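*Asks:* model this:
(chains A and B)
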Amino acid sequence: MEFWLNNPIITLKDITKIYEINKNNIVTALKDINLTIQKGEFVILKGVSGSGKSTILSLIAGLSKPTTGEVIVDNQRVSKLPDNFASDYRQSTIGFIFQKYNLIPNLSVEDNILLPLVPTNPNEEDAKNKLNSVLKHFDILDKQHTVVKNLSGGEQQRVAIARALINNPKIIIADEPTANLDEKLSIDFINIIKTLKKENKTIIVATHDPLFYNLDAVDRIIEIKSGKII
Amino acid sequence: MILSPEVLTIEIIDSIFLGLGTIAFILALKISLKWDINSTTQTQYKLEKQSFLTATIIKYIFAIKIPLFIFFIFTLDKISNLLTGAMCATGVIDATSYGIYLLILKLLNLYLFGFWLTLHYLDIKSPTLPYTKIKFEFFTIIYWFLVAEIVLEIMMFINIDIDKMVSCCGTLFSTSATSSIGDILRIKTSILLTLFYGTYILLILFYRLRIKYIFAIANIIFIIVSLISLISFFGTYIYELPTHHCPFCFLQKDYYYIGYLIYIFLFVGTFYGIRSGVLEKLKENSTKSYYISMLFDTLYLALVSAYPIFYYLKNGVWL
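*Replies:* Below you'll find the model as predicted:
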């Protein structure tokens, strides 16, 4: 485990996040969060719904900005990045797996997976190689041309993972990835994550699924309660 | 006051500009005073969001201002039919004492907004937003020019008296005119053309030698010399009338709206020329600006020069 010690890839400094829905409805989602995640680390963010897990993930992914404090990922001040640069950062550094997969239901598996490559304008050969590689890796090669809405939940999950990984990101973020899966499919997902861990990817999973809590591959479990790390 | 649909349209857009511009001014002032890109406080994050809103408002104003300027000239031409004595936009501009200042201010504001946009694009090109403070400080100055323009515009349209006879362009732009225009028209053609083509040769020289500051200054001189020579000399060949010097009549249908193309070439060319000086000052790459400026300045020169050349080839005499 020592190989990644003192090699931080993610740093959250004095983070506070307040959602101001209106003047009378202000929600403090995170308060004074300080967190460092090392390169290659597999971290679980544990906590009940509304504890602030997803907010932490969205800050790391540059999907939102903190109210105060700073997020540094891979030596980039993510919280200070203007929107256009934040998109580039996400595209190159982050693979995000969403709870509800966020796939485009009327597109084929192939088109969904290739979507993150579109802004990089890759050559056809390169895109094809990358596509074949992830399709084989996640055992969905035979589903390549199937429209996503016709897939099962587990297959959709694998497509979502393949899409998150097609750009070979350094960091993989998953938000409640097994919430819509049965136990068998959840174990399948965990096995995929274990493989990624072996590839030295930094993995952060926000979950309240107990299946994750006793995994050997997990380096750290961070518990969040009412917007604070406990 | 003339309340034609065109004038009403301009006034409504003016009031929108004033409202949005004032919001942008207040936010720009706040950003200019409190901006610190390294800070991670709530105030700074809020300012970062507001800076995008403010920039969007300013971009919107600029995006509308360009076609609105063309529409303004078109409106002046159109309402000239309502004023006794007016033959084109000149009569409307001369109908009140505000007209000429308004026209100059409108042109100046287009250049200023263009420079603001230059700063803005340089700013958002870098993740550290290096020009945010300076671009909003600059806007707090431009805002007052915008307000002055809107006030002058309202004053001009309010003070136009349709019962009062105005001068036509033939009277205003004649050698016998007692104003400074008369003095300009009395400048010898040989001197004027030497100045015009001489300035252009200097532009080429500074372009080749990459002396960007002087190239920018030469472009400012080129606008002035070009406008004078257009009124005094080239315009007469567009009209094929030695006594007609109006800088507006060739914007009309009778002359195939050629004036719009002439002015677009001149203003785009000189804008990019001055812009290359600004970019040089900011130590940014100005090669593209340089190239566009030279291209449009050349197109302008070729277009206006074509009229006397073709006239001579057709008729065998100069006017």
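*Asks:* show me what counts as buried in the worst-scoring helix or strand of chain A on mean pLDDT.
*Replies:* Here the helix or strand of chain A ranked lowest by mean pLDDT, DSSP states H and E is helix A:183-198, holding a mean of 87. By neighbour count on 16 or more other C-beta atoms under 10 Å in any protein chain shown, the buried set for helix A:183-198 is A:185-186, A:188-190, A:192-193, A:196-197. Bear in mind the C-beta positions are built from the backbone N, C-alpha and C, glycine included.
*Asks:* after it, next one along is what?
*Replies:* Scanning forward in sequence from helix A:183-198 by DSSP states H and E, the next helix or strand is strand A:202-207.
*Asks:* contacting residues around that following strand?
*Replies:* Contact partners of strand A:202-207, identified using C-beta atoms under 8 Å, 6 or more residues apart in numbering or on different chains, comprise A:9-10, A:37-47, A:53-54, A:56-57, A:60, A:170-179, A:193, A:196-197, A:212.
*Asks:* C-terminal to that strand, what's the next element?
*Replies:* strand A:220-225.
*Asks:* elements contacting that following strand?
*Replies:* On a contact count with 3 or more C-beta pairs under 8 Å, 6 or more residues apart in numbering or on different chains; DSSP states H and E, strand A:220-225 meets strand A:42-46.
*Asks:* who in chain B is up against chain A?
*Replies:* B:37, B:40-42, B:45, B:48-49, B:52, B:124, B:127-129 (C-beta under 8 Å from any C-beta of the partner chain).
*Asks:* A:E70 in helix, strand or coil?
*Replies:* The three-state assignment at A:E70 reads strand, by DSSP: H, G, I helix; E, B strand; the rest coil.
*Asks:* generate a ChimeraX selection restricted to the buried subset of the contacts of strand A:202-207.
*Replies:* Typed into ChimeraX, the next command selects the buried ones out of the contacts of strand A:202-207 (criterion: 16+ other C-beta under 10 Å):
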select /A:9,10,37,38,39,40,41,42,43,44,45,46,47,53,54,56,57,60,170,171,172,173,174,175,176,177,178,193,196,197,212
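*Asks:* with neighbour count added, can I get the residues of chain B next to chain A in a markdown table?
*Replies:* Formatted as a markdown table, those follow (neighbours: other C-beta atoms under 10 Å in any protein chain shown):
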| residue | neighbour count |
| --- | --- |
| B:I37 | 15 |
| B:T40 | 19 |
| B:T41 | 13 |
| B:Q42 | 14 |
| B:Y45 | 18 |
| B:E48 | 20 |
| B:K49 | 10 |
| B:F52 | 12 |
| B:I124 | 19 |
| B:P127 | 17 |
| B:T128 | 14 |
| B:L129 | 20 |
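*Asks:* so which residues of chain A form strands?
*Replies:* A:8-22, A:25-38, A:42-46, A:68-73, A:76-77, A:94-97, A:171-175, A:202-207, A:220-225, A:228-229 (DSSP state E).
*Asks:* closest to B:I10 out of those?
*Replies:* Closest to B:I10 of these is strand A:8-22 (C-beta to C-beta; 37.8 Å).
*Asks:* next, name the residue at the spatial heart of the chain.
*Replies:* Just so you know, I chose chain A. A centroid search over chain A (C-alpha atoms, centre = their mean) returns A:I173, at 1.6 Å, as the residue closest to the centre.
*Asks:* my bad, the chain I had in mind was chain B
*Replies:* Short answer for chain B (C-alpha atoms, centre = their mean): B:L107, at 2.8 Å.
*Asks:* quickly find the element holding it.
*Replies:* Judged by DSSP H and E, B:L107 forms part of helix B:99-124.
*Asks:* show me what that helix is packed up against.
*Replies:* Using 3+ C-beta pairs under 8 Å, 6+ apart, helix B:99-124 is in contact with helix B:42-79, helix B:89-94, helix B:132-159, helix B:258-281.
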